[in-house]
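Novice: Build me a model from this:
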Amino acid sequence: MLSTLEVDIRPGSGIGMFELGSSLWSVITMLRGLQHLFPQVEVKFDAENASTTPVILHLRPHFDLLFSGYHQRLHSICLRKITDLHPPIVLRYKDSVICSGSDPLVKVQITRAFGPTYPGDELRYPGVWFSFEDDAINESLKGGMPHTGLDQRSKEVKRIIVTQKETQSGEHDALDEVIPCPIMFGDVSRAIIKIHYGIVLHFFAPSSSPLHICLGQTTAQDLNLDLGPPSRVYYKEDARMAIHSPNSQLDEDSCSNDYFYNYFHHGIDFLISGQTHRVRKIILHSNVPGSPLFQHYKRCPWELEGKPEDDEDDTPPRMRFPDKFEAISHFLSPRDPPPPPMILDRTDDDDTITLPSPISRLYGYSGAILEVNEASQVVAVTLF
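Specialist: Next comes the predicted model:
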């Protein structure tokens, strides 16, 4: 027997368990625990522009979720096939049931629950609109001239779309970034990378100060106080990269007690010295769709800062995670070609895993390592 899906409409905020502004990482993580309700989840994106492509999750048969391209935040929610009983839906607005089971939702029920609104092909209210056409989520959101006829009141609603409410600047385009909202507060809005120094984290919040995390200075206790406890503490057992060091045995011995603080919900790992308990390395993840580590981490929107032209330059040049590897490599080392890469196959350690593109390349620079996929997208940056 199929579970009934009970969802409430919250104009400008969400539908059911889905909240506008939620991250792609957190939504997919939630869906893994709801396979009895959503057994089929399809992820769609533009593979040629995977770093900044909007992502659509198809949760058959009822939901389409559109995520913004840069911050990967839930932008629009489309509820469709309302009368499909696999699973059946009970639809609420405030304290009232407006639709349930196989009974269609019709126009007069909407106007009774939501009140009058402006004329058009759809019923549009701030933060929610009701369509009588069964189109895709990313079709034009603009209405046309109203229909005429005696069956206006009984027109069946085919789709319900919830988006953020329009601001004074005008209508919110389907490809715009999500306006910061409470569910985003406390998440990283951008991470400024300073080679040989560390990172500066900025957060979504009305009044938050940037957080400086410095290589060789910031301690594990500092991270616990400033970022909260990590998602996982992982003790480093893999010292294979030490073979490439001039002092491989010394490096292998000194790293034997090191451990990672994994902040999956921030898209960041910290390697901490087992001797001094200070940060030795920082790894920032881009969460590029189609890459081997997609959905292991939330996207960390990093920006790589260059040297300012002079002491008074408060806007030094920067490269960002969507930029191609070739441009970032030239930014880091303008006089030299890219260094020879190491090849990393993410399936080498587990024969049971198959990935469409498991190969990435590691390029080393002074103070940084770039992990690059086959499409020249930087999927991770390691600082040391």
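Novice: Now the residue nearest the centre of the chain. Nearest residue, chain neighbours left out?
Specialist: Centroid-nearest residue in the chain: Gln72, 3.3 Å away (criterion: CA atoms, centre = their mean). Spatial nearest neighbour of Gln72, chain neighbours left out: Leu24 (4.0 Å); criterion: CB to CB, 6 or more residues apart in numbering. Glycine gets a C-beta too; all of them are placed from N, C-alpha and C.
Novice: For that neighbour, list the residues it contacts.
Specialist: Listed by CB atoms under 8 Å, 6 or more residues apart in numbering, the contact set of Leu24 reads Val55, Leu57, Phe67, Gln72, Arg73, Leu74, Asn287, Gln295, Lys298, Arg299.
Novice: My guess is the second one contacts Phe67. True?
Specialist: Yes. Taking CB atoms under 8 Å as the definition, Leu57 is a contact partner of Phe67 at 7.4 Å.
Novice: any weak-confidence spans in the stretch 51-200 of the chain?
Specialist: 135-150, 167-174 (pLDDT under 70).
Novice: Now go through the contacts of Leu24 and say which are in strands.
Specialist: The strands, defined by DSSP state E, take in Val55, Leu57, Phe67, Leu74 from these.
Novice: The third one: how many residues sit nearby?
Specialist: So the one you mean is Phe67. Each residue near Phe67 was counted by other CB atoms under 10 Å, and the total is 25.
Novice: I'd say it and Thr53 touch.
Specialist: No. Between Phe67 and Thr53 there is no contact under CB under 8 Å: 9.5 Å.
Novice: quick one: the helices in the stretch 251-384 of the chain?
Specialist: Ranges of helices within the stretch 251-384 of the chain are 325-332, based on DSSP state H, counting those that start in this stretch.
Novice: Contacts only, for the closest residue to Val372 other than its chain neighbours.
Specialist: Distances taken as CB to CB, 6+ apart place Phe325 nearest to Val372, at 4.6 Å, with adjacent residues excluded. Going by CB under 8 Å, 6+ apart, Phe325 touches Pro338, Tyr363, Leu370, Val372, Ser376, Gln377, Val378.
Novice: Correct me if wrong: the first one contacts Gly364.
Specialist: To tie it back to what came earlier, the one meant is Pro338. No. Applying CB under 8 Å, one finds Pro338 not in contact with Gly364, separated by 10.1 Å.
Novice: one step back: spell out which residues are contacts of both of Leu57 and Phe67.
Specialist: With CB under 8 Å, 6+ apart, Leu57 and Phe67 have common neighbours Leu24, Val27.
Novice: can you give me the end-to-end distance of stretch 223-231?
Specialist: 12 Å (CA to CA, to the nearest Å).
Novice: quick one: secondary structure of Asp226?
Specialist: Secondary structure, DSSP: H, G, I helix; E, B strand; the rest coil: Asp226 is helix.
Novice: Quick one: residues contacting it.
Specialist: If you count contacts by CB under 8 Å, 6+ apart, Asp226 has them with Leu211, Ile213.
Novice: hmm, try it at 6 Å
Specialist: Leu211 (CB atoms under 6 Å, 6 or more residues apart in numbering).
Novice: swap in Val378?
Specialist: For Val378, the contacting residues are Phe325, Leu370, Val372, by CB under 6 Å, 6+ apart.
Novice: Now do the residue lying closest to it once chain neighbours are set aside against Leu215, distance only.
Specialist: Nearest residue to Val378, sequence neighbours excluded (CB to CB, 6+ apart): Leu370, at 5.2 Å. Distance of Leu370 to Leu215, given as CB to CB, to the nearest Å: 17 Å.
Novice: which of those two has more neighbours?
Specialist: Comparing Leu370 with Leu215 by neighbour count (other CB under 10 Å), the higher total belongs to Leu370, at 23 against 20.
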